[in-house]
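1. Sequence first, then the predicted structure, then my questions.
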Amino acid sequence: MANLAKSFKAALSQIEPEEDAKNAQEAHKQVTEALEADDRLKKLGVSTFLIGSYGRHVSIKRVKDVDVFARLTKATSSLRPGDILDHVTEVLEEAFPDCVERQHRSVMIKFPDFDLSVDVVIARPCVYHPDDHWQIPEKIEDDGRASWVETNPIKMAELTTAANKDFLLNPNDDESGIYMPMVKLIRQVRRTWVDDQPGGYYFEVLTYHAFQDLQPDESTIASYLSVILGGIAERLPDYVDEGPDDPTLDDRTIKTKATAEQIEAAAERIAEAAALAKKALEEEDPCKSAVLWRDLLGETQDIEEPEHVFPLPDYCNPDGSTKSSGRALVKGAPAVPAGQDRYA
Amino acid sequence: MKPRKAQAEVHADAATTISELASAAHPRETGGLLLGWWVSGRVVIRYAIEVPDPNATTNSWSRDESSAQAALDMALAEHEHPWLGYVGDWHSHPAGHGTSGQDLTSIRRASIAYEQPLVLVVHRTDGLIEITVAHRGAHPTTRAPTAARQGQEA
(Lines give C-alpha, C1' and ligand atoms only; values in the text may rest on other atoms or scores of the structure.)
Protein backbone atom coordinates (compact mmCIF):
# COMPACT_ATOMS: atom_id res chain seq x y z
CA MET A 1 0.00 0.00 0.00
CA ALA A 2 1.50 3.35 -1.09
CA ASN A 3 0.80 6.32 1.16
CA LEU A 4 1.85 8.97 -1.39
CA ALA A 5 1.88 11.50 1.43
CA LYS A 6 3.80 14.11 -0.58
CA SER A 7 1.43 13.92 -3.51
CA PHE A 8 -1.59 14.29 -1.22
CA LYS A 9 -0.03 17.36 0.40
CA ALA A 10 0.60 18.77 -3.06
CA ALA A 11 -3.01 17.98 -4.06
CA LEU A 12 -4.32 19.89 -1.06
CA SER A 13 -2.06 22.78 -1.95
CA GLN A 14 -3.30 22.65 -5.55
CA ILE A 15 -6.95 23.14 -4.53
CA GLU A 16 -6.16 25.77 -1.88
CA PRO A 17 -7.82 29.06 -2.95
CA GLU A 18 -4.92 31.29 -1.92
CA GLU A 19 -5.56 34.30 -4.16
CA ASP A 20 -9.33 34.06 -3.68
CA ALA A 21 -8.83 33.94 0.08
CA LYS A 22 -7.04 37.29 0.09
CA ASN A 23 -9.69 38.83 -2.14
CA ALA A 24 -12.53 37.38 -0.07
CA GLN A 25 -11.04 38.87 3.07
CA GLU A 26 -10.79 42.27 1.46
CA ALA A 27 -14.34 42.11 0.04
CA HIS A 28 -15.69 41.09 3.45
CA LYS A 29 -13.88 44.02 5.05
CA GLN A 30 -15.32 46.54 2.58
CA VAL A 31 -18.88 45.20 2.96
CA THR A 32 -18.61 45.23 6.74
CA GLU A 33 -17.39 48.83 6.74
CA ALA A 34 -20.32 49.90 4.55
CA LEU A 35 -22.88 48.15 6.79
CA GLU A 36 -21.38 49.41 10.04
CA ALA A 37 -21.32 53.01 8.76
CA ASP A 38 -25.13 53.07 8.47
CA ASP A 39 -26.98 54.53 11.48
CA ARG A 40 -30.01 52.28 11.31
CA LEU A 41 -27.96 49.11 11.03
CA LYS A 42 -25.68 50.35 13.79
CA LYS A 43 -28.70 50.78 16.08
CA LEU A 44 -29.80 47.26 15.17
CA GLY A 45 -26.40 46.02 16.39
CA VAL A 46 -25.05 44.85 13.05
CA SER A 47 -22.22 42.34 13.42
CA THR A 48 -20.86 40.42 10.45
CA PHE A 49 -19.50 36.89 10.32
CA LEU A 50 -18.11 34.98 7.37
CA ILE A 51 -20.16 31.87 6.74
CA GLY A 52 -20.11 29.45 3.86
CA SER A 53 -17.24 27.16 2.96
CA TYR A 54 -14.75 30.02 2.86
CA GLY A 55 -15.62 31.09 6.40
CA ARG A 56 -15.20 27.51 7.64
CA HIS A 57 -11.81 27.10 5.90
CA VAL A 58 -13.10 24.26 3.74
CA SER A 59 -13.40 26.08 0.42
CA ILE A 60 -11.49 24.95 -2.66
CA LYS A 61 -10.23 26.72 -5.75
CA ARG A 62 -12.01 28.62 -7.13
CA VAL A 63 -14.08 30.58 -4.61
CA LYS A 64 -16.60 32.53 -6.64
CA ASP A 65 -18.95 33.64 -3.88
CA VAL A 66 -18.50 34.48 -0.24
CA ASP A 67 -21.36 34.53 2.26
CA VAL A 68 -21.46 37.21 4.93
CA PHE A 69 -23.88 36.68 7.80
CA ALA A 70 -25.00 40.14 8.92
CA ARG A 71 -26.42 39.59 12.39
CA LEU A 72 -28.73 42.32 13.65
CA THR A 73 -28.16 41.51 17.30
CA LYS A 74 -30.65 44.07 18.65
CA ALA A 75 -33.43 43.40 16.16
CA THR A 76 -36.81 42.41 17.57
CA SER A 77 -39.73 40.38 16.27
CA SER A 78 -41.19 43.52 14.70
CA LEU A 79 -38.43 43.68 12.07
CA ARG A 80 -39.90 43.01 8.59
CA PRO A 81 -37.67 41.00 6.26
CA GLY A 82 -38.68 42.85 3.07
CA ASP A 83 -38.12 46.23 4.71
CA ILE A 84 -34.66 45.42 6.08
CA LEU A 85 -33.54 43.81 2.82
CA ASP A 86 -34.62 46.97 0.96
CA HIS A 87 -32.67 49.09 3.41
CA VAL A 88 -29.51 46.97 3.21
CA THR A 89 -29.75 47.04 -0.59
CA GLU A 90 -29.86 50.87 -0.52
CA VAL A 91 -26.90 51.08 1.86
CA LEU A 92 -24.81 48.76 -0.27
CA GLU A 93 -25.83 50.42 -3.56
CA GLU A 94 -24.50 53.68 -2.23
CA ALA A 95 -21.19 52.07 -1.29
CA PHE A 96 -20.88 49.85 -4.39
CA PRO A 97 -22.73 51.61 -7.26
CA ASP A 98 -23.96 49.35 -10.09
CA CYS A 99 -22.60 46.26 -8.37
CA VAL A 100 -25.52 45.39 -6.09
CA GLU A 101 -28.34 42.97 -6.81
CA ARG A 102 -31.22 42.23 -4.47
CA GLN A 103 -31.83 38.48 -4.24
CA HIS A 104 -34.83 36.59 -2.84
CA ARG A 105 -33.34 36.33 0.64
CA SER A 106 -30.03 38.17 0.49
CA VAL A 107 -28.18 41.02 -1.21
CA MET A 108 -25.37 40.25 -3.65
CA ILE A 109 -22.45 42.58 -4.33
CA LYS A 110 -20.23 41.87 -7.32
CA PHE A 111 -16.50 42.50 -7.07
CA PRO A 112 -15.45 42.33 -10.74
CA ASP A 113 -11.81 43.05 -9.97
CA PHE A 114 -11.73 39.98 -7.74
CA ASP A 115 -14.02 37.91 -9.98
CA LEU A 116 -16.13 37.03 -6.99
CA SER A 117 -19.36 38.13 -5.33
CA VAL A 118 -20.41 38.59 -1.74
CA ASP A 119 -23.84 37.47 -0.57
CA VAL A 120 -25.02 39.44 2.46
CA VAL A 121 -27.51 37.39 4.48
CA ILE A 122 -29.41 39.43 7.07
CA ALA A 123 -30.25 37.67 10.32
CA ARG A 124 -32.10 38.51 13.50
CA PRO A 125 -32.03 36.58 16.80
CA CYS A 126 -34.51 33.71 16.63
CA VAL A 127 -37.80 34.73 18.21
CA TYR A 128 -38.15 31.27 19.78
CA HIS A 129 -34.51 30.49 20.67
CA PRO A 130 -32.80 33.90 20.84
CA ASP A 131 -29.70 32.59 22.59
CA ASP A 132 -29.11 29.68 20.23
CA HIS A 133 -30.37 30.35 16.73
CA TRP A 134 -30.83 33.04 14.13
CA GLN A 135 -33.56 33.71 11.63
CA ILE A 136 -33.04 34.78 8.01
CA PRO A 137 -35.63 35.96 5.47
CA GLU A 138 -37.43 33.32 3.50
CA LYS A 139 -38.28 33.88 -0.13
CA ILE A 140 -40.21 37.14 -0.44
CA GLU A 141 -43.50 36.78 -2.29
CA ASP A 142 -44.68 39.02 -5.11
CA ASP A 143 -46.85 41.02 -2.72
CA GLY A 144 -43.79 41.92 -0.69
CA ARG A 145 -44.71 39.70 2.24
CA ALA A 146 -42.08 37.42 3.69
CA SER A 147 -41.34 35.46 6.77
CA TRP A 148 -38.27 34.39 8.71
CA VAL A 149 -36.76 30.93 8.84
CA GLU A 150 -34.47 29.48 11.53
CA THR A 151 -30.84 28.84 10.75
CA ASN A 152 -27.56 28.46 12.57
CA PRO A 153 -24.57 28.78 10.24
CA ILE A 154 -22.28 29.81 13.08
CA LYS A 155 -22.85 26.42 14.70
CA MET A 156 -21.51 24.74 11.54
CA ALA A 157 -18.31 26.74 11.87
CA GLU A 158 -18.01 25.62 15.49
CA LEU A 159 -18.66 21.97 14.61
CA THR A 160 -16.06 22.17 11.83
CA THR A 161 -13.40 23.54 14.17
CA ALA A 162 -14.24 20.92 16.80
CA ALA A 163 -14.11 18.03 14.29
CA ASN A 164 -10.74 19.22 13.04
CA LYS A 165 -9.43 19.04 16.60
CA ASP A 166 -10.98 15.62 17.23
CA PHE A 167 -9.62 13.86 14.15
CA LEU A 168 -5.85 14.07 13.71
CA LEU A 169 -3.51 12.63 11.12
CA ASN A 170 -0.82 12.38 13.76
CA PRO A 171 -2.06 11.83 17.33
CA ASN A 172 1.06 13.55 18.68
CA ASP A 173 0.49 16.70 16.67
CA ASP A 174 -2.50 18.87 17.63
CA GLU A 175 -2.03 20.86 14.43
CA SER A 176 -2.56 17.83 12.18
CA GLY A 177 -6.35 18.11 11.99
CA ILE A 178 -7.61 15.98 9.10
CA TYR A 179 -11.30 16.93 9.02
CA MET A 180 -10.92 20.22 7.14
CA PRO A 181 -8.50 18.81 4.53
CA MET A 182 -10.86 15.87 4.06
CA VAL A 183 -13.86 18.15 3.42
CA LYS A 184 -11.80 19.89 0.75
CA LEU A 185 -10.88 16.61 -0.93
CA ILE A 186 -14.48 15.40 -0.80
CA ARG A 187 -15.64 18.71 -2.32
CA GLN A 188 -13.09 18.18 -5.11
CA VAL A 189 -14.34 14.60 -5.66
CA ARG A 190 -17.90 15.98 -5.88
CA ARG A 191 -16.87 18.55 -8.48
CA THR A 192 -15.15 15.82 -10.49
CA TRP A 193 -17.76 13.09 -10.25
CA VAL A 194 -21.16 14.71 -9.66
CA ASP A 195 -23.13 16.82 -12.14
CA ASP A 196 -23.86 20.10 -10.36
CA GLN A 197 -26.33 18.85 -7.70
CA PRO A 198 -26.28 18.09 -4.83
CA GLY A 199 -23.94 20.95 -4.01
CA GLY A 200 -20.77 21.30 -2.01
CA TYR A 201 -22.45 22.03 1.35
CA TYR A 202 -24.54 18.88 1.05
CA PHE A 203 -21.35 16.84 0.67
CA GLU A 204 -19.73 18.73 3.52
CA VAL A 205 -22.57 17.63 5.79
CA LEU A 206 -22.25 14.05 4.50
CA THR A 207 -18.54 14.20 5.35
CA TYR A 208 -19.36 15.49 8.83
CA HIS A 209 -21.78 12.63 9.46
CA ALA A 210 -19.33 10.06 8.05
CA PHE A 211 -16.67 11.24 10.52
CA GLN A 212 -19.10 11.22 13.44
CA ASP A 213 -20.54 7.80 12.58
CA LEU A 214 -17.32 6.00 11.64
CA GLN A 215 -14.94 7.73 14.08
CA PRO A 216 -12.02 6.94 11.75
CA ASP A 217 -8.55 6.65 13.22
CA GLU A 218 -6.26 6.38 10.19
CA SER A 219 -2.64 7.39 9.77
CA THR A 220 -2.57 8.56 6.14
CA ILE A 221 -4.57 10.99 4.02
CA ALA A 222 -5.08 8.20 1.49
CA SER A 223 -6.75 5.89 3.98
CA TYR A 224 -8.89 8.69 5.46
CA LEU A 225 -10.14 9.59 1.99
CA SER A 226 -10.98 6.00 1.16
CA VAL A 227 -12.80 5.42 4.45
CA ILE A 228 -14.80 8.66 4.36
CA LEU A 229 -15.71 8.36 0.69
CA GLY A 230 -16.83 4.79 1.35
CA GLY A 231 -19.00 5.99 4.23
CA ILE A 232 -20.62 8.67 2.08
CA ALA A 233 -21.22 6.21 -0.76
CA GLU A 234 -22.95 3.84 1.63
CA ARG A 235 -25.31 6.46 3.02
CA LEU A 236 -26.11 8.63 0.00
CA PRO A 237 -28.75 6.27 -1.46
CA ASP A 238 -30.73 6.69 1.79
CA TYR A 239 -31.22 10.41 1.13
CA VAL A 240 -33.22 10.26 -2.09
CA ASP A 241 -36.45 11.32 -0.36
CA GLU A 242 -35.07 13.33 2.53
CA GLY A 243 -31.63 14.80 3.09
CA PRO A 244 -29.21 14.01 5.92
CA ASP A 245 -29.80 15.46 9.40
CA ASP A 246 -28.85 19.10 9.77
CA PRO A 247 -26.02 19.04 12.36
CA THR A 248 -26.86 22.61 13.40
CA LEU A 249 -30.58 22.32 14.11
CA ASP A 250 -32.50 19.60 15.94
CA ASP A 251 -35.10 17.66 13.96
CA ARG A 252 -34.19 19.31 10.68
CA THR A 253 -32.70 17.87 7.54
CA ILE A 254 -30.51 19.43 4.87
CA LYS A 255 -32.48 20.84 1.94
CA THR A 256 -31.09 20.63 -1.58
CA LYS A 257 -32.07 21.78 -5.04
CA ALA A 258 -31.26 18.27 -6.25
CA THR A 259 -34.13 16.15 -7.51
CA ALA A 260 -34.52 12.52 -6.46
CA GLU A 261 -33.07 11.50 -9.83
CA GLN A 262 -30.05 13.71 -9.27
CA ILE A 263 -29.48 12.20 -5.82
CA GLU A 264 -29.68 8.71 -7.29
CA ALA A 265 -27.25 9.65 -10.07
CA ALA A 266 -24.88 11.20 -7.55
CA ALA A 267 -25.07 8.09 -5.37
CA GLU A 268 -24.06 5.91 -8.33
CA ARG A 269 -21.15 8.16 -9.24
CA ILE A 270 -19.91 8.40 -5.66
CA ALA A 271 -20.10 4.62 -5.34
CA GLU A 272 -17.83 4.42 -8.41
CA ALA A 273 -15.51 7.02 -6.90
CA ALA A 274 -15.37 5.15 -3.59
CA ALA A 275 -14.52 1.90 -5.38
CA LEU A 276 -11.72 3.70 -7.21
CA ALA A 277 -10.38 5.12 -3.94
CA LYS A 278 -10.41 1.64 -2.38
CA LYS A 279 -8.52 0.24 -5.39
CA ALA A 280 -6.00 3.10 -5.23
CA LEU A 281 -5.44 2.48 -1.53
CA GLU A 282 -4.92 -1.25 -1.98
CA GLU A 283 -2.57 -0.89 -4.97
CA GLU A 284 0.98 -1.77 -3.90
CA ASP A 285 2.77 -0.10 -6.82
CA PRO A 286 3.08 3.63 -5.99
CA CYS A 287 2.91 4.79 -9.63
CA LYS A 288 -0.17 2.69 -10.42
CA SER A 289 -1.75 3.89 -7.19
CA ALA A 290 -0.91 7.52 -7.99
CA VAL A 291 -2.62 7.33 -11.38
CA LEU A 292 -5.81 6.04 -9.71
CA TRP A 293 -5.76 8.85 -7.13
CA ARG A 294 -5.16 11.33 -9.95
CA ASP A 295 -8.26 10.03 -11.74
CA LEU A 296 -10.29 10.27 -8.55
CA LEU A 297 -9.42 13.90 -7.83
CA GLY A 298 -9.63 15.14 -11.42
CA GLU A 299 -8.62 18.65 -12.39
CA THR A 300 -8.85 22.08 -10.81
CA GLN A 301 -12.12 23.69 -11.87
CA ASP A 302 -13.31 27.15 -12.90
CA ILE A 303 -9.85 28.28 -13.95
CA GLU A 304 -8.51 29.04 -17.42
CA GLU A 305 -5.98 26.26 -17.55
CA PRO A 306 -7.17 23.29 -15.48
CA GLU A 307 -4.45 21.14 -13.95
CA HIS A 308 -4.44 17.70 -12.42
CA VAL A 309 -5.05 18.06 -8.70
CA PHE A 310 -3.00 15.00 -7.75
CA PRO A 311 0.57 15.21 -9.08
CA LEU A 312 2.31 12.02 -10.07
CA PRO A 313 5.62 11.46 -8.28
CA ASP A 314 8.47 12.45 -10.57
CA TYR A 315 9.60 8.83 -10.92
CA CYS A 316 6.26 7.85 -12.49
CA ASN A 317 5.14 7.93 -16.11
CA PRO A 318 1.62 9.20 -16.91
CA ASP A 319 0.50 5.64 -17.72
CA GLY A 320 1.34 4.47 -14.22
CA SER A 321 4.61 2.75 -15.06
CA THR A 322 7.80 3.61 -13.22
CA LYS A 323 10.34 5.65 -15.18
CA SER A 324 13.30 3.62 -16.22
CA SER A 325 16.23 4.58 -14.06
CA GLY A 326 18.68 3.27 -16.67
CA ARG A 327 22.30 2.45 -16.16
CA ALA A 328 23.26 6.10 -15.83
CA LEU A 329 21.17 6.69 -12.72
CA VAL A 330 22.61 6.08 -9.27
CA LYS A 331 20.31 6.28 -6.29
CA GLY A 332 21.13 8.77 -3.56
CA ALA A 333 23.06 7.33 -0.61
CA PRO A 334 21.08 5.62 2.16
CA ALA A 335 23.52 6.81 4.83
CA VAL A 336 24.92 10.18 5.90
CA PRO A 337 28.68 10.67 6.50
CA ALA A 338 30.04 9.17 9.67
CA GLY A 339 30.87 11.43 12.58
CA GLN A 340 30.31 15.16 12.60
CA ASP A 341 31.15 17.91 10.10
CA ARG A 342 31.16 21.56 11.04
CA TYR A 343 30.22 24.29 8.60
CA ALA A 344 30.93 27.94 9.32
CA MET B 1 42.05 14.88 -21.21
CA LYS B 2 40.72 16.61 -18.09
CA PRO B 3 37.83 14.84 -16.33
CA ARG B 4 34.47 16.54 -16.85
CA LYS B 5 33.45 18.60 -13.85
CA ALA B 6 30.41 17.25 -12.02
CA GLN B 7 27.30 19.41 -12.28
CA ALA B 8 24.52 19.97 -9.79
CA GLU B 9 20.89 20.67 -10.56
CA VAL B 10 18.82 22.22 -7.76
CA HIS B 11 15.07 21.68 -7.99
CA ALA B 12 12.92 24.70 -7.13
CA ASP B 13 11.32 22.81 -4.19
CA ALA B 14 14.74 22.35 -2.60
CA ALA B 15 15.77 25.98 -3.15
CA THR B 16 12.48 27.25 -1.67
CA THR B 17 12.79 24.99 1.37
CA ILE B 18 16.34 26.17 2.02
CA SER B 19 15.32 29.83 1.77
CA GLU B 20 12.37 29.37 4.11
CA LEU B 21 14.33 27.43 6.73
CA ALA B 22 17.21 29.91 6.58
CA SER B 23 14.80 32.81 7.18
CA ALA B 24 13.09 31.02 10.07
CA ALA B 25 16.42 30.34 11.81
CA HIS B 26 17.88 33.83 11.32
CA PRO B 27 20.05 35.18 12.96
CA ARG B 28 21.42 31.72 13.71
CA GLU B 29 22.73 29.36 11.09
CA THR B 30 20.79 26.27 10.21
CA GLY B 31 21.36 23.48 7.77
CA GLY B 32 20.54 19.97 6.75
CA LEU B 33 20.70 17.38 4.04
CA LEU B 34 20.27 17.49 0.29
CA LEU B 35 18.21 14.61 -1.06
CA GLY B 36 18.41 13.46 -4.64
CA TRP B 37 20.27 11.14 -6.98
CA TRP B 38 23.08 11.07 -9.53
CA VAL B 39 22.47 10.74 -13.24
CA SER B 40 24.87 11.02 -16.21
CA GLY B 41 27.49 12.94 -14.28
CA ARG B 42 24.99 15.30 -12.67
CA VAL B 43 23.83 15.52 -9.06
CA VAL B 44 20.07 16.06 -8.98
CA ILE B 45 18.97 17.81 -5.78
CA ARG B 46 15.24 17.18 -5.48
CA TYR B 47 14.56 18.07 -1.84
CA ALA B 48 16.25 19.68 1.14
CA ILE B 49 15.53 18.82 4.77
CA GLU B 50 16.61 20.47 7.98
CA VAL B 51 18.68 18.76 10.66
CA PRO B 52 18.50 21.13 13.62
CA ASP B 53 21.75 21.65 15.51
CA PRO B 54 20.99 22.70 19.11
CA ASN B 55 24.45 24.27 19.31
CA ALA B 56 24.19 26.29 16.10
CA THR B 57 25.40 29.87 16.39
CA THR B 58 25.34 32.93 14.17
CA ASN B 59 28.36 31.54 12.30
CA SER B 60 28.32 27.78 12.73
CA TRP B 61 26.15 24.72 12.08
CA SER B 62 27.22 21.08 12.43
CA ARG B 63 25.85 17.88 10.96
CA ASP B 64 25.68 15.21 13.63
CA GLU B 65 25.60 11.64 12.34
CA SER B 66 22.83 10.21 14.53
CA SER B 67 20.34 13.06 14.17
CA ALA B 68 21.13 13.43 10.45
CA GLN B 69 20.60 9.72 9.80
CA ALA B 70 17.31 9.81 11.72
CA ALA B 71 16.15 12.79 9.63
CA LEU B 72 17.21 11.04 6.41
CA ASP B 73 15.40 7.83 7.34
CA MET B 74 12.24 9.74 8.16
CA ALA B 75 12.34 11.74 4.94
CA LEU B 76 12.94 8.66 2.79
CA ALA B 77 10.00 6.90 4.43
CA GLU B 78 7.78 9.91 3.85
CA HIS B 79 8.74 10.43 0.22
CA GLU B 80 8.59 6.75 -0.85
CA HIS B 81 10.85 7.80 -3.74
CA PRO B 82 12.89 4.91 -5.17
CA TRP B 83 15.82 7.08 -6.29
CA LEU B 84 16.06 9.42 -3.34
CA GLY B 85 18.98 9.45 -0.92
CA TYR B 86 21.68 11.63 0.59
CA VAL B 87 23.68 13.68 -1.95
CA GLY B 88 25.11 16.47 0.18
CA ASP B 89 24.61 19.18 2.78
CA TRP B 90 23.27 22.72 2.92
CA HIS B 91 23.51 25.46 5.51
CA SER B 92 22.78 29.15 5.84
CA HIS B 93 25.17 32.04 6.29
CA PRO B 94 23.23 34.77 8.17
CA ALA B 95 26.36 36.91 8.17
CA GLY B 96 26.07 37.15 4.40
CA HIS B 97 29.44 35.84 3.31
CA GLY B 98 29.91 32.96 0.91
CA THR B 99 31.39 29.50 1.18
CA SER B 100 34.18 29.47 3.77
CA GLY B 101 37.41 27.54 3.99
CA GLN B 102 35.92 25.47 6.81
CA ASP B 103 32.95 24.63 4.55
CA LEU B 104 35.25 23.39 1.80
CA THR B 105 37.26 21.30 4.25
CA SER B 106 34.11 19.69 5.65
CA ILE B 107 32.44 18.80 2.34
CA ARG B 108 35.75 17.54 1.04
CA ARG B 109 36.15 15.25 4.07
CA ALA B 110 32.57 14.03 3.82
CA SER B 111 32.94 13.21 0.11
CA ILE B 112 35.81 10.78 0.68
CA ALA B 113 33.43 7.99 1.67
CA TYR B 114 31.22 8.25 -1.42
CA GLU B 115 31.84 7.05 -4.96
CA GLN B 116 29.64 9.81 -6.36
CA PRO B 117 30.22 13.56 -5.83
CA LEU B 118 28.62 15.38 -2.91
CA VAL B 119 27.15 18.88 -3.10
CA LEU B 120 27.32 21.69 -0.58
CA VAL B 121 24.75 24.51 -0.89
CA VAL B 122 25.38 27.71 1.07
CA HIS B 123 22.44 30.10 1.43
CA ARG B 124 23.34 33.77 1.86
CA THR B 125 21.16 36.51 3.34
CA ASP B 126 21.00 38.28 -0.02
CA GLY B 127 18.95 35.33 -1.30
CA LEU B 128 21.79 33.96 -3.40
CA ILE B 129 23.13 30.45 -3.05
CA GLU B 130 26.54 29.03 -3.72
CA ILE B 131 26.99 25.48 -4.94
CA THR B 132 30.12 23.46 -4.34
CA VAL B 133 30.73 19.98 -5.69
CA ALA B 134 33.27 17.72 -3.99
CA HIS B 135 34.38 14.33 -5.26
CA ARG B 136 36.40 11.72 -3.40
CA GLY B 137 38.13 14.27 -1.21
CA ALA B 138 39.58 16.15 -4.17
CA HIS B 139 39.69 19.93 -4.11
CA PRO B 140 36.07 20.99 -4.57
CA THR B 141 34.77 23.38 -7.23
CA THR B 142 32.45 26.26 -6.32
CA ARG B 143 30.26 28.15 -8.71
CA ALA B 144 29.74 31.90 -8.40
CA PRO B 145 26.68 32.81 -6.29
CA THR B 146 23.40 32.87 -8.12
CA ALA B 147 19.67 33.25 -7.45
CA ALA B 148 17.95 30.13 -6.21
CA ARG B 149 16.18 28.61 -9.17
CA GLN B 150 15.69 25.33 -10.92
CA GLY B 151 18.50 23.88 -12.94
CA GLN B 152 21.46 25.54 -11.29
CA GLU B 153 24.73 23.99 -12.09
CA ALA B 154 28.17 24.04 -10.58
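-> Thanks, I have it.
2. okay, CA-based contacts and neighbour counts for the rest of this
-> Noted.
3. I'd like to know which elements the worst-scoring helix or strand of chain B on mean pLDDT is packed against.
-> In chain B, the helix or strand scored least confidently by mean pLDDT, DSSP states H and E is strand B:146-147, which has a mean of 72. Using 3 or more Cα pairs under 8 Å, 6 or more residues apart in numbering or on different chains; DSSP states H and E, the elements in contact with strand B:146-147 are strand B:128-134.
4. Can you classify the closest residue to A:Leu50 other than its chain neighbours by secondary structure?
-> Leaving aside its sequence neighbours, A:Leu50 sits nearest to A:Val68 (Cα to Cα, 6 or more residues apart in numbering or on different chains; 4.7 Å). Three-state call for A:Val68 (DSSP: H, G, I helix; E, B strand; the rest coil): strand.
5. Residues contacting the least confident helix or strand of chain B, please?
-> With contacts defined as Cα atoms under 8 Å, 6 or more residues apart in numbering or on different chains, strand B:146-147 is touched by B:Gly127, B:Leu128, B:Ile129, B:Glu130.
6. now stretch B:88-105: how far from the chain's centre is it?
-> 10 Å (Cα atoms, centre = their mean, to the nearest Å).
7. Quick one: the strands in the chain, in order.
-> Unless you meant another one, I'm taking chain A. A:46-51, A:65-72, A:100-102, A:107-111, A:116-125, A:134-137, A:148-151, A:329-331, A:340-343 (DSSP state E).
8. my bad, chain B
-> B:7-10, B:31-39, B:42-50, B:61-64, B:85-93, B:118-124, B:128-134, B:141-142, B:146-147.
9. and the ones you listed as JSON lines, adding mean neighbour count and distance to A:Val121?
-> Conversion of the strands of chain B to JSON lines gives the following (neighbours: other Cα atoms under 10 Å in any protein chain shown; distance: least, Cα to Cα, whole Å):
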{"stretch": "strand B:7-10", "mean neighbour count": "23", "distance to A:Val121": "50"}
{"stretch": "strand B:31-39", "mean neighbour count": "26", "distance to A:Val121": "51"}
{"stretch": "strand B:42-50", "mean neighbour count": "24", "distance to A:Val121": "47"}
{"stretch": "strand B:61-64", "mean neighbour count": "24", "distance to A:Val121": "56"}
{"stretch": "strand B:85-93", "mean neighbour count": "28", "distance to A:Val121": "51"}
{"stretch": "strand B:118-124", "mean neighbour count": "27", "distance to A:Val121": "51"}
{"stretch": "strand B:128-134", "mean neighbour count": "25", "distance to A:Val121": "50"}
{"stretch": "strand B:141-142", "mean neighbour count": "18", "distance to A:Val121": "62"}
{"stretch": "strand B:146-147", "mean neighbour count": "14", "distance to A:Val121": "49"}
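10. Quick check, the residue in chain B closest to chain A?
-> Closest to chain A within chain B is B:Gly85: 3.5 Å, counting by Cα to the nearest Cα.
11. So which bits of stretch A:47-59 are buried?
-> For stretch A:47-59, burial by neighbour count (16 or more other Cα atoms under 10 Å in any protein chain shown) applies to A:47-59.
12. ok, those vs chain B, which is closest?
-> Nearest member of the buried residues of stretch A:47-59 to chain B, counting by Cα to the nearest Cα, is A:His57, at 24.4 Å.
13. per-residue pLDDT, that closest one?
-> Listed pLDDT for A:His57 reads 94.
14. pLDDT score assigned to the closest residue to it other than its chain neighbours?
-> Excluding the flanking residues, the one nearest A:His57 by Cα to Cα, 6+ apart is A:Met180, at 7.1 Å. pLDDT for A:Met180: 98.
15. Do I have it right that A:Met180 meets A:Lys165?
-> No - with contact defined as Cα atoms under 8 Å, A:Met180 does not reach A:Lys165; the gap is 9.7 Å.
16. okay, these two: which has more neighbours?
-> A:Met180 (22 against 16; other Cα atoms under 10 Å in any protein chain shown).
17. Next up, the contacts around the more buried one.
-> So A:Met180 contacts A:His57, A:Val58, A:Thr160, A:Asn164 (Cα under 8 Å, 6+ apart).
18. do A:Tyr224 as well
-> Counting by Cα under 8 Å, 6+ apart, A:Tyr224 touches A:Met182, A:Pro216, A:Glu218.
19. gap between the residue lying closest to B:Val39 once chain neighbours are set aside and A:Leu296?
-> Leaving aside its chain neighbours, B:Val39 sits nearest to A:Leu329 (4.3 Å; criterion: Cα to Cα, 6+ apart). The spacing between A:Leu329 and A:Leu296, counted by Cα to Cα, to the nearest Å, is 32 Å.
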